[in-house]
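Visitor: Sequence first, then the predicted structure:
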Amino acid sequence: MQRRTKIVATLGPSTDDSKVLDDMIQAGVDVVRVNFSHGTHEEHFRRAEQVRNRARAHGRQVGVFADLQGPKIRIEKFKEGKIRLQEGARFVLDAALAEDGGTNERVGLSYKALVDDVGRGDTLLLDDGAVVLWVEEAKGSEIDTRVVVGGELSNNKGINRQGGGLSAQAITDKDRADIKAAAEMQADYVAVSFPRSAADIHEARSLLRQAGGHGGIVAKIERAEAMESLEEIMEATDVVMIARGDLGVEIGDAELPAVQKRIIQIARTMDRVVITATQMMQSMIENPIPTRAEVFDVANAVIDGTDAVMLSAETATGKHVAKVIEAMDRICRGAERQRIDMAVERRSAVHFKRVDEAIAKAAMYTANHTGVKAIAALTESGATPLWMSRISSGIPIYALTRHVETRRKVTLYRGVYPVSFDVTTTDHRQVNREAIDELMRRGAVRDGDLVIITKGDLMGVHGGTNAMKMIRVGEHLFNVE
């Protein structure tokens, strides 16, 4: 059984060795993430090219996903590198303090406008909530606070305001430069950090297209405000990521499980791809096996219908890069074997506006009720297999396309597998034969199996899928056009 849920792994120092990359690809990684919060453009270019080269050597297609840093709402540095705050102590966040002037009494701010965003009674959470400060007063360049939850605090830790409400723009000057680099890298996806509305997504897409990039846009849901504009953001984006670190800090960890399930359900209903991320296998940064809690976390996301599960520090700086991918692969397969129906709206009352969407949904309905073994979707843009993948099914969907960009894009779609397929004829019977031959060569079907093929009358036209053909391997069965 092929794994349907996709695995995203972050590149970093631990993945720079070619042998490690080979092990990652053999373990089943589908998409790699380059994190623009760390490293140089040259490092990211080198890593992306290295992955693509090793993937070609293994006959695989691996997508590349560029993650923008977004607004840097962090404390600055301490003279001694770190301090320990005691509960009840006074502590000042000082926007005017030197970058490396932090002491036990105060520390600088990378985001100077934080003073204008908070007031008496606000709660600030530092280092993902490990340290909690209550705001007594904000004036001038200083935010006077009292420590509610103390502990160790080190350089450059993030700051969240409980309940959200920070005014920082989602796309910074650094992000604009990084978007140009992502376009040059030919990134398949570019992720926008801390978007508040659809306008942030539209801006990122416009900047990427102006730079010559063709990748999809990922909206990282990590602000409380994003939850208020969730459907608007989803309408504007291609992919939504449940970034559980900052989101959990802002809305509260107790709210996070239900919110995760809701985001997955809405994303699938709106035909959007969804990634579940943050601390999924955190213990495996150091340990060779996951905790049982991590096993349940990954499995629950799979059962809920996530397209992909993501690894961050587990692969970027972890000690067991291949083992963590192998463990995630094993857990995903186990969860998928349960075949639990996903709670996805059937959209029975929806009027399809496009012929290719209607064909895609009709193909899945037919496949789920006739014992079809595989679906071959001849596609230019990848839209048809995306729509197919929104319907709960255990039937593999093969995206047959001549475009490398489309093959890389579908590496993120649940249950969709990219296949290089260049149509060299307009003879539909020959195209069908070649498509079936390709599936047989891959071991996906054999004589007597039912296969559905979707394609367009006019080959090579975007949005042109208008035909569904059902074929029994070895004989022609019937046609719907």
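Guide: Arrived safely, thanks for sending. Model, not experiment: these values are computed from the prediction.

Visitor: Could I get the full set of strands for the stretch 201-350 of the chain?
Guide: 216-221, 239-243, 273-277, 308-311 (DSSP state E, counting those that start in this stretch).

Visitor: Show me what the longest one pairs with in its sheet, parallel or antiparallel.
Guide: Spelled out, that is strand 216-221. strand 189-192 (parallel), strand 239-243 (parallel) (DSSP bridges).

Visitor: Quick check: closest non-adjacent residue to residue 176.
Guide: residue 207 (6.2 Å; Cβ to Cβ, 6 or more residues apart in numbering). Placement of C-beta: from N, CA and C, glycine included.

Visitor: Give me the domain ranges for the protein.
Guide: Domain assignment for the chain by automatic domain parsing gives 6-69+169-336, 82-161, 355-480.

Visitor: nearest to residue 75, of those domains?
Guide: domain 82-161 (4.8 Å; Cβ to Cβ).

Visitor: any idea how far that closest one is from the chain center?
Guide: Here domain 82-161 is found 31 Å from its chain centre; the criterion is Cα atoms, centre = their mean, to the nearest Å.

Visitor: ends of it, how far apart?
Guide: One end of domain 82-161 to the other measures 22 Å (Cα to Cα, to the nearest Å).

Visitor: Please name the bridge partners of the nearest residue to residue 311 once chain neighbours are set aside.
Guide: Computed as Cβ to Cβ, 6+ apart, the closest residue to residue 311 that is not its neighbour in sequence is residue 9, at 4.8 Å. When bridges are called by DSSP bridges, residue 9 pairs up with residue 32, residue 311.

Visitor: can you pull the contacts of residue 9?
Guide: For residue 9, the contacting residues are 15, 24, 29, 31-33, 310-311, 314-315, 321, 325, by Cβ atoms under 8 Å, 6 or more residues apart in numbering.

Visitor: One more pass at 6 Å, please.
Guide: By Cβ atoms under 6 Å, 6 or more residues apart in numbering, the contact list for residue 9 reads 29, 32, 311, 315.

Visitor: How confident was the prediction at the nearest residue to the first one once chain neighbours are set aside?
Guide: Put plainly, it is residue 29. Nearest non-adjacent residue to residue 29, counting by Cβ to Cβ, 6+ apart: residue 9, 4.7 Å away. Listed pLDDT for residue 9 reads 98.

Visitor: for residue 379, same thing?
Guide: On pLDDT, residue 379 comes in at 94.

Visitor: does it really touch residue 398, like I thought?
Guide: No - using Cβ atoms under 6 Å, residue 379 makes no contact with residue 398, being 9.8 Å away.

Visitor: Looking at these two, which is more packed in?
Guide: Ranked by neighbour count (other Cβ atoms under 10 Å), residue 379 and residue 398 place residue 379 first, with 33 against 26.

Visitor: need the contact list for the more buried one.
Guide: 385, 399, 401.

Visitor: Quickly name whichever of those is closest to residue 364.
Guide: Residue 364 lies nearest to residue 385 out of the contacts of residue 379, by Cβ to Cβ, at 10.4 Å.

Visitor: May I ask which helix or strand encompasses the closest one?
Guide: Secondary structure from DSSP states H and E places residue 385 in helix 383-389.

Visitor: Listing partners with orientation, what would you give for the helix or strand following that helix?
Guide: Downstream of helix 383-389, the next assigned helix or strand under DSSP H and E is strand 397-401. Within its sheet, strand 397-401 is paired with strand 374-378 (parallel), strand 416-420 (parallel), according to DSSP bridges.

Visitor: Distance to residue 194 and mean neighbour count added to those strands, as TSV?
Guide: Shown next, in TSV, are these (distance: least, Cβ to Cβ, whole Å; neighbours: other Cβ atoms under 10 Å):
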stretch	distance to residue 194	mean neighbour count
strand 374-378	35	27
strand 416-420	29	21
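
Visitor: Ok, which of those strands comes nearest residue 89?
Guide: Taking the strands paired with strand 397-401 one by one with Cβ to Cβ, strand 416-420 is closest: 53.8 Å.

Visitor: pLDDT on the closest one, on average?
Guide: On average, strand 416-420 scores 96.

Visitor: now stretch 431-441
Guide: 92.

Visitor: tell me which residues in it are buried?
Guide: For stretch 431-441, a neighbour-count test (16 or more other Cβ atoms under 10 Å) marks 431-432, 434-436, 438-440 as buried.

Visitor: Stretch 72-79 too?
Guide: Neighbour-count burial for stretch 72-79 [16+ other Cβ under 10 Å]: 72-78.

Visitor: go on, stretch 2-10?
Guide: 3-10.

Visitor: again with stretch 88-107
Guide: Buried residues in stretch 88-107 (16+ other Cβ under 10 Å): 91-95, 97, 102, 106-107.

Visitor: Could you do stretch 127-135 as well?
Guide: Neighbour counts over stretch 127-135 (16+ other Cβ under 10 Å) mark 127-129, 131-133, 135 as buried.

Visitor: Endpoints of it, how far apart?
Guide: By Cα to Cα, one end of stretch 127-135 lies 17 Å from the other end.

Visitor: Which pLDDT value does the model give the closest residue to residue 165 other than its chain neighbours?
Guide: In this structure, residue 165 finds its nearest non-sequential neighbour in residue 117, 6.7 Å apart by Cβ to Cβ, 6+ apart. You'll see residue 117 listed with a pLDDT of 94.

Visitor: For residue 163, see how far away residue 117 is.
Guide: 12 Å (Cβ to Cβ, to the nearest Å).

Visitor: And those two? Which one has more around it.
Guide: Taking neighbours as other Cβ under 10 Å, residue 117 and residue 163 compare with residue 117 leading, 16 against 12.
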